[in-house]
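[1] need a 3D model of the following:
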Amino acid sequence: MALSRFWSGIIIISLISILFAVISGKQYTLENILTGNTADDDPLKRRLVITEISGALLRQQDPKTFAIFDAVKPNDKFQKSVKKTTLAVFTASAADSVKGKIFYTNYIDLGNKTYPGQQNLQFTQTGNFLATSDSLRNAVNDQLANLVYCSTDAKGIRVDSIYAYGNIMKDSILLRRYNLLPRPVQPEDMLARLLKDDNPLICRRDTVYDWKSSGSIQVSARNLYADGILSTCSYVVNKLWIPLLGILIFLCGLMNLLKESKADEKLARLLSPFFRKIFPELRHGHPAFNYMTLNFAANFLGLDNAATPFGLKAMESMQEDNPDKNKASNSQIMFLCLHAAGLTLIPTSIIGYRAVMNAANPADVMLPIIITSFIGTMAALLFVSIKQRINLFNKPVVLVVSAATTLFALLFWYIGSLADIEKARFTGNLGVGIFLFVIVFVVLFANWKEKLFTQNGSNIYASFIEGSKEGIATAFRILPYMIAMLVAISIFRNSGLMDIIMGGLTKLLSFVGVSKEITNALPVALLRPFSAGGARGFMFDAMQQFGADSLTGRLACLFEGAAETTFYVIAVYFGAVNVKDTRYTLGIMLLVDLVCVITATIVCSFWFR
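    Presented below is the predicted three-dimensional model:
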């Protein structure tokens, strides 16, 4: 019931907020709420023209914006002055052989389209390029020079800033029109594009002012960034469900081999002493023990896609013994809450993200993530045990927890002793290597027990195909739940309520003395239970803005790596078994998320200060 009320409430409140934004003028069209506009990463294209006024009226109504136009108007400050002044283009390059280029000309003869006295300088050393650039800037310092600063990438020359007739233009909104694709390859082509532009553009807050060549000013409102209800449905099916369908088909086939060869019974009997203590409702040797072990192992090794099918089979197995099919059983709640901290040994995706953002040591957050997720998992075990009145102080539980802690300590010691290159290789290969070993073991064991398949009138291949069909049925069963939950989260995110909540919480924590380095990473923690993709975007933004090796950048990685997408997990796992009443699952999982946030903050502050 709690999940049902939350789902209904979040949709109603979010849609009311969106309608209020339209009425108040903050949002000018509802079209993007349905279709979305996230595929277009250019904010200037996500706008709606609301009026067109004269320059005189703008001067009267908004003198500050008019003053900005007057300061940066390219037709006055660049195009006209460039005809009679020195022009230099400095292009920094990341190529192996070329570190920088300088294009220099006395002036531009527009009539003959020539560059009198032009010089093209090319440098193979960054130091020489910077020294020559400084020397040239000093030489023309007393002149009314125009300096263009560029850089190159795979798409060509990109204009980074312009020093035009005493005014600097470096705002990305103003430079957008100079960086349209296809980008020029030579400085001369880039200058030709600059000279054609006589319509300056100003962006202030949520409003765009475009000064047309006719003299009028077109005023546009930028629509809120929205991923759209209909586009979210399409995304769930195409980007989430279809890949999951293939994984489910393959792994459900393997699990059927485990079942038919009786390997799951042997594993379940081995693990029963421990699992019986924390899952007292389940009988001795319950098949769910086997699936839960594989699920936890896959999560532990960072194989999220492989973990999901094992987890779904565990939920289905427990549902068979559930007396009330519409209500979550205690065992199902315990199983899901243990997922909340996302316990993992090898956070390969986080390490990869940090490598992309040029972190000095991308794997330096690995041990803090493991510590945070381990403490979160222990907290989940404790919270659910208190709620369900389970005694954890017994021999099997103490032995398993002690063994797990010892294993962690040994792995910490071994991984910490490796060099950076060896560490990356070890962490990258361990999880995949163990997963491949499991596949080989299952197939070999099935061949060894082939007579069991023959007795049932089947064979190994036919058994694999039969199990794969169960994967298809499971995938279709969870699809409606995935769409229902992720669309609700999309509406919530589009409403702007998340930004309001994050802004308010950040101000509150800053007021009570929490460091700004910590509050700057909080958007990742707040969005993580709702959307892995959204939280990942904030994580990249934090690393880009503050640096991958800053406390904010590292803490954002901990928030992303030591947590689960709570609402997605609940929707998928309970949806697979058609459970309507999740009882207290959501509350405990969110409480565990809070424990992980607090733990990550303490661990990161201690580890990296």
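[2] tell me what the longest helix along the chain is packed against?
    Of all segments of type helix in the chain, defined using DSSP state H, the longest is helix 460-494. Under the contact definition 3 or more Cβ pairs under 8 Å, 6 or more residues apart in numbering; DSSP states H and E, helix 460-494 sits against helix 2-24, helix 229-235, helix 242-260, helix 304-320, helix 420-448, helix 450-455, helix 566-576. For the C-beta atoms, the positions are set from N, CA and C on the backbone; glycine is no exception.
[3] make TSV out of those and add mean pLDDT, mean neighbour count and distance to residue 329.
    Shown next, in TSV, are the helices and strands packed on helix 460-494 (pLDDT from 0 to 100; neighbours: other Cβ atoms under 10 Å; distance: least, Cβ to Cβ, whole Å):
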stretch	mean pLDDT	mean neighbour count	distance to residue 329
helix 2-24	75	15	15
helix 229-235	82	17	31
helix 242-260	81	20	21
helix 304-320	82	22	6
helix 420-448	75	15	28
helix 450-455	84	12	31
helix 566-576	86	22	11
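[4] how far is stretch 450-460 from where the chain is centred?
    Centroid displacement of stretch 450-460 relative to its chain, using Cα atoms, centre = their mean, to the nearest Å, is 46 Å.
[5] over to stretch 446-455?
    On Cα atoms, centre = their mean, the centre of stretch 446-455 falls 45 Å from the chain's centre.
[6] state the distance from the residue lying closest to residue 330 once chain neighbours are set aside to residue 137.
    Once flanking residues are discounted, residue 330 sits nearest to residue 388: 5.1 Å by Cβ to Cβ, 6 or more residues apart in numbering. For residue 388, the distance to residue 137 equals 72 Å [Cβ to Cβ, to the nearest Å].
[7] over to residue 406?
    Taken as Cβ to Cβ, the span from residue 406 to residue 137 is 62 Å.
[8] neighbour-wise, which of those two wins?
    It is residue 137, of residue 406 and residue 137, that has more neighbours when counted by other Cβ atoms under 10 Å, with 14 against 10.
[9] pLDDT score assigned to the more buried one?
    Residue 137 carries a pLDDT value of 76.
[10] wait, it touches residue 147, no?
    Yes - judged on Cβ atoms under 8 Å, residue 137 makes contact with residue 147 at a distance of 6.8 Å.
[11] and for these two, which residues touch both?
    Counting by Cβ atoms under 8 Å, 6 or more residues apart in numbering, the shared contacts of residue 137 and residue 147 are residue 88.
[12] and stretch 479-486, what's buried?
    479, 481-483, 485-486 (16 or more other Cβ atoms under 10 Å).
[13] contacting residues around it?
    7, 232-233, 235-237, 240-241, 567-568, 570-572, 574-576.
[14] ok, now with 7 Å
    Stretch 479-486 has contacts (Cβ atoms under 7 Å, 6 or more residues apart in numbering) with 7, 232-233, 236, 240-241, 567-568, 571-572, 575.
[15] need those in CSV (columns: distance to residue 444).
    Shown next, in CSV, are the contacts of stretch 479-486 (distance: Cβ to Cβ, whole Å):
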residue, distance to residue 444
7, 45
232, 43
233, 42
236, 37
240, 33
241, 32
567, 40
568, 35
571, 37
572, 31
575, 34
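[16] of all the residues in the longest helix of the chain, which ones are buried?
    Here helix 460-494 shows 460, 463-464, 467-468, 470-471, 474-475, 478-479, 481-483, 485-494 as buried, counting by 16+ other Cβ under 10 Å.
[17] any idea of the angle it forms with helix 566-576?
    140 degrees (axes from the mean of the first three to the mean of the last three Cα atoms, to 10 degrees).
[18] how big is the angle separating helix 460-494 from helix 304-320?
    100 degrees.
[19] tell me the mean pLDDT for helix 460-494?
    On average, helix 460-494 scores 82.
[20] list the contacts of whichever helix or strand comes after that helix.
    Helices and strands here follow DSSP states H and E; after helix 460-494, the next one along the chain is helix 497-511. Helix 497-511 is contacted from outside by 14, 17, 492, 516, 519, 522-523, 526-527, using Cβ under 7 Å, 6+ apart.
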